[in-house]
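Colleague: I'd like to go over a predicted model; first the sequence, then the structure.
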Amino acid sequence: MTPAFPTENHARQALIDTCLQFAPLGLNQGKSGNASLRWHRGAEDGMLITPSGVAYERTQRDDIAWVPLSQAAARASSPEARAAAAVLEPPARFDGSRTPSSEWRMHLDLYRTRADAGAVVHVHSACATTLACLPSVQAHGIPAFHYMIAVAGGHDIRCASYATFGTQALSDAALAALVDRRACLLANHGQIALAADLDGALALALEVESLSRQYLQALQVGEPVVLDRSEMGRVLDAFARYGR
């Protein structure tokens, strides 16, 4: 799966344009967050990903890094070793004028394991991040207080367990939370969303933030009513047919 851009430079610019929407949409502030898209170079599968530590307003097309998916992913044998992996260690192979985002492992692992991932958006949106700091949400995720929870792919929006940013341990936690899901919260961190293309990933991240805001507001008034699994099953079936 490679997005329908005529050239790689068009794809690079699309990534920048996507990230420039983060602040106006209320999804991010400053340099935090990142985005990527699946991009083949010839027969080699890879991804284009935003650089580390560069303001989106200053990001140039040459700053976007291409990283091959054949990258050796050093997976330590224990959780402790994975957690200790160097946070700022760049991939062994990449092509770009700047170092890829520190979260490159999380993006790379999603493309390697999820054929449906054509683009990934990771942001520190305020309401999703607030919920991701609550013990109840870390344990149980965002329940089906609203039928639109199904937009993430299931009857809830899970929260990945905490791990230091940029580590293999965080990537492993995100992948686990995203089984049968297209978006999840990241404990004490933010949220991540995947879709077939950049527009879809951005729209999903925005929907997760909107649902997070609604859930926070509901919690301030009382205990929200949660839709049961049978109803959410009907919603998911309807979503699967919607627009076809």
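Modeller: Perfect, thanks for sending it.
Colleague: which residues does the longest helix seen in the chain contact?
Modeller: Counting residues, the longest helix in the chain under DSSP state H turns out to be helix 198-221. Outside helix 198-221, the residues that touch it by Cβ atoms under 8 Å, 6 or more residues apart in numbering are 3, 14-15, 18, 21, 25-27, 35, 37, 118-121, 123, 125-128, 130-131, 142, 145-146, 148-149, 151-152, 157, 182-183, 185, 191-195, 224. The C-beta positions use only the backbone N, C-alpha and C, and glycine is treated the same way.
Colleague: state the mean pLDDT of it.
Modeller: Mean per-residue pLDDT for helix 198-221: 98.
Colleague: please apply the same query to stretch 130-139.
Modeller: For stretch 130-139, the per-residue pLDDT averages 99.
Colleague: tell me the helix or strand right after the least confident helix or strand in the chain by mean pLDDT.
Modeller: Every helix and strand of the chain was ranked by mean pLDDT, DSSP states H and E. The lowest is helix 79-83, at a mean of 58. Next helix or strand after helix 79-83 toward the C-terminus (DSSP states H and E): helix 104-113.
Colleague: in that following helix, which residues are buried?
Modeller: For helix 104-113, a neighbour-count test (16 or more other Cβ atoms under 10 Å) marks 104-112 as buried.
Colleague: include distance to E44 and pLDDT when you put those into a markdown table, please.
Modeller: Shown next, in a markdown table, are the buried residues of helix 104-113 (distance: Cβ to Cβ, whole Å; pLDDT from 0 to 100):
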| residue | distance to E44 | pLDDT |
| --- | --- | --- |
| W104 | 16 | 97 |
| R105 | 19 | 97 |
| M106 | 21 | 98 |
| H107 | 16 | 98 |
| L108 | 13 | 98 |
| D109 | 17 | 98 |
| L110 | 18 | 98 |
| Y111 | 12 | 98 |
| R112 | 13 | 97 |
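Colleague: quick check: chain neighbours aside, which residue is closest to the spatially most central residue of the chain?
Modeller: Centroid-nearest residue in the chain: I192, 2.3 Å away (criterion: Cα atoms, centre = their mean). Nearest residue to I192 in three dimensions, chain neighbours excluded: H122, at 4.5 Å (Cβ to Cβ, 6 or more residues apart in numbering).
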